[in-house]
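Chemist: from the sequence below, what's the structure:
(one chain, ligands or ions: 1)
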Amino acid sequence: MSNFVISCGGTGGHLAPGIAIAEALQESGHHCRLIISNKDVDSRLVKNYPQLQYARSPGMGFSMSPVKFVKFNIEQIRALVFTMKLMREFKADAVIGFGGFLTVGAVFAAFLTGVPVMLHEANRRAGRAIRMLAGFARRVYLPPGVNIKGLPRRMIHHCGYPIRKEIQRMPQDEARAKLGLDVTGKLLLILGGSQGATALNTWVTDNFEALAKDNISVYCITGLNKTAGGAIERISSDGQTARAVFTPFVDSMAVALSAADLVVARAGAGSIAEFARCRLPSILVPYPYSADDHQMANAQFLEQQGGAMVVQESELDRLLGEVTDLIFNDWLIKRFRENLERLDRANPVDRIVKDMASIAADPA
Ligand SMILES: CC(=O)N[C@H]1[C@@H](OP(=O)(O)OP(=O)(O)OC[C@H]2O[C@@H](n3ccc(=O)[nH]c3=O)[C@H](O)[C@@H]2O)O[C@H](CO)[C@@H](O)[C@@H]1O
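Modeler: Down below sits the predicted model:
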């Protein structure tokens, strides 16, 4: 049995697959330490997994602003020292990084101590950290059809996004009851990824009157520190009560995804994978400033596969029409669900865990 360091903090999209892999490794008898950041989102997400062991690393995101650039480099050195100490004390056999600023220190620490490195890229355009570090890795896990220029084929394993095991579709009535939502009509979920999306939150406030007329209720996950939460009620054209509920964060994404008929969301790789797992059709509004526009690439892929529709943030004025057309179109919703099921057939967790175990057992 081996000891794995999993560098995965900084955003929900990096941390959630780290948790998924750590759970599976521990179930197979291996030991794990997850490197996470000091951000609120990391603290909130790990609260549900007390069975895993965490280490909070120094570190901050990359910035070209001169002062922040200097701070970034100082933090990277602190992160490197921190990780080397952790690896020595824990006697790490292998390290896996899920991208983001924490991965850089972890990979250099592993390289300097001769420990094999694996990297996982979730997005359909590889991020800066993964591209830069791929040359140090024994294995790079990439989404099917995605490659990194110059990286030998033998180092690449194509696989999807590791999803936490509790993310499973449940009956809609049960999920709505768990959310405490007593509504009769359709339910639209709004999700701005792990940080929330102000543009989508504002869209709900501006459009709830119109949605409520058609008895469409809304469950809006606003993002930590973005709004205080709360609820609004309106009476629909046929006399039903439609509700808009605002909540900063949900601990059980499976419940929120199962309760809804449709989700309007950012196009983070984790969100998209979880929509597929819970067979929930989406209208994706990619974050327009994501690195190399990777959210657009993620969103377009799902649209081409028939599991979603893309609306750009610059076209939000057509979102209301798209939502009301799609949410009542049972035929199209059924097609979307079938396509999502087809996309979710492989189990990346098992494949990655088996491969990691074999690399850790044969580090040469
Ligand atoms: C702005 C930005 O660059 N975001 C990136 C970030 O997204 P972000 O961190 O938003 O991540 P994703 O959308 O990929 O995943 C969010 C994760 O957080 C969980 N969650 C979210 C909200 C909540 O209330 N509760 C909860 O548990 C979800 O279940 C999911 O597991 O990492 C992703 C994976 O590299 C990228 O694709 C995104 O582009």
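Chemist: can we go C-alpha only for contacts and neighbour counts from here?
Modeler: OK.
Chemist: packing partners for the helix ranked longest in the chain?
Modeler: In the chain, assigned by DSSP state H, the helix with the most residues is helix 66-90. Here helix 66-90 touches helix 101-112, going by 3 or more Cα pairs under 8 Å, 6 or more residues apart in numbering; DSSP states H and E.
Chemist: next helix or strand past the helix it packs on?
Modeler: strand 117-120 (DSSP states H and E).
Chemist: so where's the chain shaky on pLDDT?
Modeler: By pLDDT under 70, the weakly predicted segments of the chain are 363-364.
Chemist: returning to that earlier point: mind listing the strands the helix or strand that the longest helix of the chain is followed by pairs with, and their directions?
Modeler: Downstream of helix 66-90, the next assigned helix or strand under DSSP H and E is strand 94-97. Neighbouring strands of strand 94-97 in its sheet, by DSSP bridges, are strand 3-7 (parallel), strand 117-120 (parallel).
Chemist: mind exporting stretch 37-57 as PDB, just the C-alpha atoms?
Modeler: The C-alpha trace of stretch 37-57 is given here as PDB (Å, rounded to 0.1, in the frame of the first residue of the first chain):
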ATOM      1  CA  SER A  37      -5.400  26.400   0.300                       C
ATOM      2  CA  ASN A  38      -6.600  28.800   2.900                       C
ATOM      3  CA  LYS A  39      -9.500  29.900   0.800                       C
ATOM      4  CA  ASP A  40     -13.100  29.800   2.200                       C
ATOM      5  CA  VAL A  41     -14.300  27.500  -0.500                       C
ATOM      6  CA  ASP A  42     -11.700  24.900   0.400                       C
ATOM      7  CA  SER A  43     -12.700  25.000   4.100                       C
ATOM      8  CA  ARG A  44     -16.400  24.700   3.200                       C
ATOM      9  CA  LEU A  45     -16.000  21.800   0.800                       C
ATOM     10  CA  VAL A  46     -13.700  19.700   3.000                       C
ATOM     11  CA  LYS A  47     -16.000  20.000   6.000                       C
ATOM     12  CA  ASN A  48     -18.100  17.100   4.600                       C
ATOM     13  CA  TYR A  49     -15.100  14.800   4.400                       C
ATOM     14  CA  PRO A  50     -13.700  14.500   7.900                       C
ATOM     15  CA  GLN A  51     -12.400  11.100   7.100                       C
ATOM     16  CA  LEU A  52      -9.600  12.600   4.900                       C
ATOM     17  CA  GLN A  53      -6.500  14.300   6.100                       C
ATOM     18  CA  TYR A  54      -5.600  17.800   4.900                       C
ATOM     19  CA  ALA A  55      -2.600  20.100   4.900                       C
ATOM     20  CA  ARG A  56      -3.100  23.800   4.300                       C
ATOM     21  CA  SER A  57      -0.300  25.100   2.100                       C
END
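Chemist: what about the strands in this structure?
Modeler: 3-7, 31-36, 54-56, 94-97, 117-120, 139-142, 156-158, 186-191, 216-221, 230-235, 241-247, 262-265, 282-284, 308-310 (DSSP state E).
Chemist: what pairs with the last one, and is each one parallel or antiparallel?
Modeler: Read it as strand 308-310. Under the criterion DSSP bridges, strand 308-310 sits next to strand 282-284 (parallel) in its sheet.
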